[in-house]
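Visitor: Provided below for reference: sequence and predicted model.
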Amino acid sequence: MHPRNIFKTPPDFTDLAIKYPEFRQVCNLELSGKVCIDYKKEVALKALTRTLLLEFFDLDVEFAPGSLIPTLPLRLNYILWLEDLISCWDSKTVKGIDIGCGSSCIYSLLAAKKNGWSMTALETNKSNLEYAAKNVERNNLCKIITISAQKQNDNIFEELFENAPGISIDGPYNFCLCNPPFYDSQLSTPCNTRNPGKRPPPHNCPTGFKEELSCLGGEVTFVEKIIEESVKYKSKIRIFTSMLGLKSSLSQIIDALLKRNVTNYCTTEFHQGNTTRWGIAWSFFIDIDLKKNKI
């Protein structure tokens, strides 16, 4: 995990079960006296994520039925990496764009609550939009988080910059973040992100709407679209970033950047338990040297 990730030390489930009745209801007591949960049950995952957000960030979050339930350590790893990337310049106001915020709006909530960043959260799913707006309102963050409905699935930034140009007296957005749909909707069976010979199968139950999990062409096609639009809107966002679920996708995305003569980029790995994800960032600003952050 990131060195500053508070979940490097696993939370004490016993203490959490005593403090939070909702979490206590999904807990099991092993013969050894250890408190655990069944990660194969969606209700347990919801209770765990809700409890961790309340305990460590004082955030009260609800999830739309059937929507993606985010794992908090991974999302926090991403936010911490963004902190490192933008630490190279002095900015009184940090502004970010959350591409596909989901019903939890977890990235924007963490960014706003933890760091006071101003976030614009984009989302296409109607149910997710409703829950995201309620989560922002419930946590009194409406002044620094704006929920923006995307009517067009084919364009990521166009609606935002047409309606609210990203250049202001404070300058462009500092960053954008994205957790794209990993899988290719054209495939009958999603490709496995794991090597079964080296790693055990995932122990969490699958959650999420279809459009949160897959899209035409999968994550590579989705991020290539961001790259394509980043060339057009290169002055609007200082650092473009995305997460990737497949290691094989990383080289393809780097190739896509190089084809467009984008050489100012860096990569990282997000480790949490048995799960590894990859991050990539690129910029067109000459005062930002992302190569210094390459891992």
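Guide: Done, it's in. Numbering: from 1, shown residues only.

Visitor: didn't Lys114 look like it was pressed against Leu80?
Guide: No - with contacts defined as Cβ atoms under 8 Å, Lys114 does not count as touching Leu80, sitting 9.3 Å away. Just so you know, the C-beta spots here come from the backbone N, C-alpha and C atoms, and that holds for glycine as well.

Visitor: which of those two has more neighbours?
Guide: Taking Lys114 and Leu80 together and counting by other Cβ atoms under 10 Å, Leu80 has the greater number of neighbours (19 against 15).

Visitor: pretty sure Asn140 is in a helix, no?
Guide: No - applying DSSP: H, G, I helix; E, B strand; the rest coil, one finds Asn140 to be coil, outside a helix.

Visitor: which residue is nearest the centroid of this structure?
Guide: Centrality entry for the chain: nearest residue to the mean C-alpha point is Asn179, 4.7 Å, by Cα atoms, centre = their mean.

Visitor: And that residue, how close does it get to Gly245?
Guide: In this view, Asn179 and Gly245 are 9 Å apart by Cβ to Cβ, to the nearest Å.

Visitor: so the residue nearest to the centre of the chain sits right up against Met243, yeah?
Guide: Yes - in this structure, Asn179 is within contact of Met243 by Cβ under 8 Å, at 4.9 Å.

Visitor: Pull up the overlap in contacts between those two.
Guide: Overlap between the contact sets of Asn179 and Met243, as judged by Cβ atoms under 8 Å, 6 or more residues apart in numbering, is given by Tyr78.

Visitor: starting at the chain centroid, how far to stretch 285-292?
Guide: From the chain centre to the centre of stretch 285-292 is a distance of 23 Å (Cα atoms, centre = their mean, to the nearest Å).

Visitor: Going by neighbour count, list what's buried in that stretch.
Guide: By neighbour count on 16 or more other Cβ atoms under 10 Å, the buried set for stretch 285-292 is 288, 290.

Visitor: same thing with stretch 39-50?
Guide: Of the residues in stretch 39-50, 42, 44-50 count as buried by neighbour count, 16+ other Cβ under 10 Å.

Visitor: Put together a markdown table for the residues you listed, with distance to Leu16, pLDDT and secondary structure on each row.
Guide: Listed next are these as a markdown table, based on distance: Cβ to Cβ, whole Å; pLDDT from 0 to 100; DSSP: H, G, I helix; E, B strand; the rest coil:
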| residue | distance to Leu16 | pLDDT | secondary structure |
| --- | --- | --- | --- |
| Glu42 | 18 | 91 | helix |
| Ala44 | 12 | 93 | helix |
| Leu45 | 14 | 93 | helix |
| Lys46 | 14 | 94 | helix |
| Ala47 | 10 | 95 | helix |
| Leu48 | 9 | 95 | helix |
| Thr49 | 12 | 96 | helix |
| Arg50 | 11 | 96 | helix |
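
Visitor: Dump those into CSV; add distance to Lys134 as well.
Guide: CSV is the format used below for those (distance: Cβ to Cβ, whole Å):
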residue, distance to Lys134
Glu42, 20
Ala44, 23
Leu45, 20
Lys46, 15
Ala47, 19
Leu48, 21
Thr49, 16
Arg50, 14
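
Visitor: which one of those is nearest Thr14?
Guide: Using Cβ to Cβ, Leu48 comes nearest to Thr14 of these, at 13.8 Å.

Visitor: wait, what's in contact with that closest one?
Guide: In this structure, Leu48 makes contact with 23, 26, 37, judged by Cβ under 8 Å, 6+ apart.

Visitor: mind running it again at 10 Å?
Guide: Applying Cβ atoms under 10 Å, 6 or more residues apart in numbering to Leu48 gives the contacts 11, 13, 16, 20, 22-23, 26-27, 37, 39, 69, 71-72, 204.

Visitor: Of the residues you listed, which one scores lowest on pLDDT?
Guide: Among those, Asn204 has the lowest pLDDT, at 65.

Visitor: what does the strand or helix carrying Ser127 contact?
Guide: Of the helices and strands defined by DSSP states H and E, Ser127 is found in helix 126-138. For helix 126-138, contacts defined as Cβ under 10 Å, 6+ apart pick out 53, 59-68, 98, 100-106, 108-109, 112, 119, 121-123, 125, 141-150, 209, 211-212.

Visitor: Now the buried members of these.
Guide: Neighbour-count burial (16+ other Cβ under 10 Å) is assigned, among the contacts of helix 126-138, to 53, 59, 61, 63-64, 67-68, 98, 100-106, 108-109, 112, 119, 121-123, 125, 141, 144-148, 150, 209, 212.
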